[in-house]
Structure formats: C-alpha cells, structure tokens
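Engineer: here is the input, now give the coordinates:
(2 chains)
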Amino acid sequence: MYSRGIDFTSAGGDGEADSLAGQFGLTATGNAALIFSTITLATTADCQAFNSTNTCPNLGKPVFTQQIGIGNLTANASVFGTPTSGGTLPATTGVSANYNTSVSSAAQGGNSWALANGFSNVVTLTSGQLVYVVEMFDHTPALNVGGITGSPLVYSRAIF
Amino acid sequence: MLGMRRDRKRQKGFAIIYVALIGAFVLIPMAGLAIDFGVVYNVKARLQTSCDAAAIGAGYLLHATTDLSNQTQYNAIISAAQQFFNANYGTSYMGSTVTTYTASATSSTSGKTITVNATAKVPMLFMRVLGIANSQVAAEAVSNVRFIAMMIVVDRSGSIYSEGGPGMAVATLIQNSLNTFVADSTSSYLVNGVDTVGMVSFGGTWNLDFAPTTDFQSGGASTIGTAITNIPFCTAATGGATSSTNTAEGLYQAWYQLYQMNLPGALNVIVLLTDGRPSAFTSYWTPVSGSSCSNKAQRAGVYETYVGLGSSPFWPPPSSGNDSTGLYATRFTSLPETNNLAANSGSCAYNSNQANIGNDFSNTFPSSVGPVDNVGSGTGYPPGFSTPGTGISTQSGYYPNPGQNMQDPASGRYAAFNVADNMAKLIRQDATLKPMLFVIGLSYPDGLTEALDSDWLARVANDPNYITVGIDPNVVAAGQKVYQSGQTPGLYCLATNNASSLNGCFAQVTNALLRLTQ
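Structural biologist: Now for the predicted structure:
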C-alpha cells in the first residue's frame, strides 16, 4: 500500500510513520497503533475465484483488499475488522512492529473475515471503487488519574 | 518605623486586588484564548481533512463519469463527496456546526476537477466572556482527475508458446487477465468514453493490435476485448515458437501511439507484459561491397538472434557460434514470423540462407540502430527519432561494450538488451508526455527455457522500490536500487504462471493508476 509514494510495509515507510507520530509510541508494546486499510466491493470476478460461479456470500459487500498495521496491534484493531482467518495481522518480515496482509480475490468473494463490517453505514461504495481508511489509536496513560480511571483511548480516522 | 508598618497594612489589600485584576483581565483570557484557539485549530484541521477526503473520495466517480452535463451523473459525484465529508467530519465535531458546504465538478481537455468548500462555526468556551461567542473556520480542497492515455504492450514471442505448450496456457492466461484489466467494464478502472487505450504486440515484428481510442470497450466488433482475443500468439498450427523478442520495437511503437494521441495533460502510461529477455532489434542494414546482394541499398530489417543456446539455465549465452536466425521484416504480417524475411530485391545470402546473413554485412551489426516504422520529426513523433534506423546504441546501456560480432551469440543478445534498455530510458526521459512504464514480468521457472531478468525489467520500469537480486551478477549485484533519478518512475511486478498472481500484478497497476489520477 502506498501513500504519496511511501510503502508502509517497508522499513523506510514504517520509519516515516514513526517519525510523524512523534512520541505516540508506534512500537509493538507502545501506546499507539496506526492501521491502513483498503476496502472495495466484492465482484463477480471474486466469486469466480471463490467458487467458480457468479454468486458468492460477499458479492456486492464491502471487503478488505489489504490491511497494514504499525505499532501495538495486540491492543488495537480496526473497527471494521481484521481480514485474516485468525483475526490477527501477520508480522511483516524484516520490519519491526509492522504487520500486513493482502486478501486474495477468492477470500474477498467468500470468507466472512474479509468483510469490512459496518463500513456500508459509513460510505456507500460503487462497483470498482477502492477506498483508503487510516485509523490511529492512542492510549494515554498520562491521563490515568490516580491510577483508577484507566488510559483514555484517543481514536481518529480518515476515509478517502 | 510606625509609618512603615502603616504602609505595609495598606499594601496587603492591594496584592489581592492586583491578582484578581490580572487574573480576570489577563490570565484567564490568555488561558481561554489558548484553549479556544486550540479548539478552533483542531476543528479547522478536521474540516480540511474532511474536504480533502470528500474531493479524493469522489474522485473515483468523477473519473468514471463520462458526461458531467448529465445531471444524474453530476449529482452522483456531488452526493459521493458529501458522503465522504460526513464520514470524516461527523455530526458535531467538537461542538462545531457546519454552516456552509458546497461541491462542484468541472471538466477540461486534460481531466476533471472537483472542488469542495466548507465553513464551520466553532463555539467559544472562554472568549465569550469578552463577547466572542463563536469563531468561523473555512477549508477548501481541489482534486484533479487526469484522463489516462494507455498503450498496452504484449510480448507474443515464441517463449510464450513454449511455456504454454500446445494448450496455450500462458497465452490464455494473459488474455484472461488483460480482459479483466481493461476489456471488462465491470472490473476495469479504465473508463470507456473517458480514457484512451490501445495495444501493441511484439515478437520479432511489431503489430498495432488495437489503435488507441476512447471507445475501447463498446466499439462494436472493434473492441480491445476482440483485439486481445486476436493477439497473434505463436501456435502449433502456425509453426510453433517462431517469434523473437524485440522489446525495443514494442516500446517504441507504443510511445509513438502516445505521441499520436498528444495528450500531455493526461497520465500517459505504457504497460509492458513480457516473459523474457530481448533477442532482436530493428535497424537499417547496408550490404557490404563483397556481398552477394545485387542491390546494395540499405534496407530495413529486424536482426533476430538465437535463444536458448547452451544448457540450462541458458544464461549467459555462449560467446561462439552463429548468432542470428536471420534478418526479418519489421511489421507483422503472418505467422510463422520466420517466413517474413526482410524486403530484398537482390540475391542476398540472408534471403536464401538465413545463416549466411553475416556474408552480406561482414558479420557486423551496427553500433547505432533504431526503429524504421513511424519515425519522423515534429508533432506526433517521439523526440530523438527523426532518422529511421539509428539513434540507439547497441554498445552501451545494460551490457557495456558487447561488440558487434554476428558470430558471437552473447554479443547479439547483449546488444538487444542495450537497445531495449536505451529505448526505455528515452521514454522515461520524455519531458513532454512523461510516460510511466508499468512492467509485468511473467515468470515460468521450468528450467527448460531462459528465465526472465527481473532486475532489468525493474530497471526498465524505473521502480523506486525495487532492490536487485543479482540475476546477472556480471552487470548488477544483489541489493542495489535500480531507480534512476531524473527519469519518470514506474512500477515492476513479477507474476508467476497462474491467474491469481498475474491478476494481482494488474491490480497493482490499477492501484497505482488510482493513486496517480487523483
């Protein structure tokens, strides 16, 4: 996945995100996580890949095509879901605290875990449209008053 | 002393009043100002993000729209922009209220533009003490969607046939993926009536399979889908693997078509799909004085070299033995290509015996070669090719100083690499159209045929993210960047011999187009 030419599964792109995030702590055990997703509608081509027919469970529904996570993915996950059968993103080889998955056409057609749950309530997609979602999670232990209020979570996202 | 005590008593009351006044008129307003400005700044940032998202998010529909004067299509774009705005801004971000929101779309000769404007009213928390109840913030976003002018360049060399075998598996694979990528309107990002698409295929010869047009999906019998079905791949019925790999010619003819379109404001793209290493190049050839040719005028022809000499992995090629399979016509006429000998009016040796081509040209191929078809100067021609058959070095590029010896197979193959490499470089250096090269390498690692050279193909694309694996360590070591600054960057994708992998590469190209056209 690229944004302005930056591949966030590469060490360089990951480092760029880390620098921009400053002291948020985009590490595997840090306070923050950044999750990039691409979402589109499952097509008949995906159904063909899934069951060699033009119909399948996910046809016409928003599905993930790719998801990349940077930072603490143990404590955070996209509100629309994690598109892997096990529910966790696999680690990117050679890049610390970086995780990514690409969803196959067959999975987009038929696997329930490929669905972007609730996304249709946010934006109505048209066939062929690919939407980028960027989500940022930040837990703030500094605001844990007296140790009893917990670490408030700051969540922000952009969809385009 | 008594007088001093009396003064201190009077000063105690003043300190309280002083702090109260400073607090009321300086500290509290300053703190309030900081907090309120923080809120305003935050709302302003969110408003800008939402406008940006609206403009970008509606970009897909804007690109797919064929007629902005059609109110239904126009309204769909404006509605999409509103959806993305709402999805990002929410109903009442930090207590603010969106007071105005407008979106409009326009079209010009090079693309389409959507403009989104919004203003929001932000309630003040502290500043209202000073009579300022609200503050207003505004944002604007403009997104330009460029049309795409695309030439698809398909390698139909003999290796496609060899790898596919009699069942033509690889050719079918290519055709299916191309259909999904460009011909099927439900799956393609390219929009009929908006983008311009054409297709060139090459073996040793080149062929314009589909002249570029905006009506590429619905042009009756003449559609890109029909052209994909009719790509002249080698078949058993047409003589088997008889086509060479004249990559430079395929690239040039695609580049020429982009110049014919002349859309500098569009995103000019060449998508090259190939499975092998170059093995041929085009030039003018002048028979030497000792030649058997009765007509010694120069003639156009494609120099084709042997592929697969030696033993597995067949690279590097051996440096001795006859290098050429002959001199052939430049344009495709029919299969087998080996029947398409270069035009000749005399009794040249290469015309009667391809192996004797060296006799007519003193066993030496030119140091400077180039395309002979569609070459000229002025509008409609790529720069640097005003004279046919020259302008491209065979002696520098990817393989330094390969020599010009027709009896050295390595010399001919390396020269073919250099010609294609230099052609791609000229395309990437084109400052007028700025064509981007998307290269898909189709790998068929069976050990029975020459493997493709991903390092070189990534260099052709000028992929900024590619790191070499050292496929031919004699020219490029492992772990090197192939990107050359000052030249248009592109994308390389390696596909293995299955539909999922090849479709995945085309999906990468689509994603890149999506990003680059908005």
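
Engineer: isn't B:C493 right up against B:G441?
Structural biologist: Yes. Under the criterion of CB atoms under 8 Å, B:C493 makes contact with B:G441 at 7.3 Å. Just so you know, the C-beta spots here come from the backbone N, C-alpha and C atoms, and that holds for glycine as well.

Engineer: pLDDT weak spots in the chain?
Structural biologist: Went with chain A since none was named. Applying pLDDT under 70 to chain A picks out residues A:1-6.

Engineer: my bad, the chain I had in mind was chain B
Structural biologist: Ranges of chain B meeting pLDDT under 70: B:1-12, B:110, B:164-168, B:220-221, B:322, B:343-346, B:351-355, B:445-448, B:518.

Engineer: show me which residues of it are close to chain A?
Structural biologist: Within chain B, the positions lying close to chain A (CB under 8 Å from any CB of the partner chain) are B:49, B:52-53, B:56-57, B:60-61, B:64, B:80, B:83-84, B:87-88, B:180, B:184, B:186-189, B:464-465, B:489, B:500, B:503-504, B:507, B:511-512, B:514-515.

Engineer: for stretch B:296-305, which residues meet the burial criterion?
Structural biologist: For stretch B:296-305, the neighbour count (16 or more other CB atoms under 10 Å in any protein chain shown) marks B:299-305 as buried.

Engineer: separation between the closest residue to chain B within chain A and A:N72?
Structural biologist: In chain A, no residue comes nearer to chain B than A:F160, which is 3.9 Å away by CB to the nearest CB. From A:F160 across to A:N72, the span is 25 Å (CB to CB, to the nearest Å).

Engineer: next one: A:A114
Structural biologist: 24 Å.

Engineer: give me the more crowded residue out of those two.
Structural biologist: Legend: neighbour count by other CB atoms under 10 Å in any protein chain shown for A:A114 and A:N72, higher for A:A114 (26 against 21).

Engineer: OK, contacts around that one?
Structural biologist: Residues in contact with A:A114 (CB atoms under 8 Å, 6 or more residues apart in numbering or on different chains) are A:42, A:58, A:63-64, A:83, A:103, A:107-108.

Engineer: what helices and strands are in contact with the longest helix along chain A?
Structural biologist: When chain A is parsed with DSSP state H, its longest helix is helix A:11-20. Counting contacts by 3 or more CB pairs under 8 Å, 6 or more residues apart in numbering or on different chains; DSSP states H and E, helix A:11-20 is packed against strand A:6-7, strand A:62-71.

Engineer: now with 6 Å, please.
Structural biologist: strand A:6-7 (3 or more CB pairs under 6 Å, 6 or more residues apart in numbering or on different chains; DSSP states H and E).

Engineer: beta partners for B:A103?
Structural biologist: B:V116 (DSSP bridges).

Engineer: and the gap between it and chain A?
Structural biologist: 14 Å (CB to the nearest CB, to the nearest Å).

Engineer: strands of chain A, start to end?
Structural biologist: A:2-3, A:6-7, A:32-41, A:62-71, A:98-102, A:131-139, A:153-159 (DSSP state E).

Engineer: could you single out the most deeply buried of the ones you listed?
Structural biologist: strand A:62-71 (a mean of 26; mean count of other CB atoms under 10 Å in any protein chain shown).
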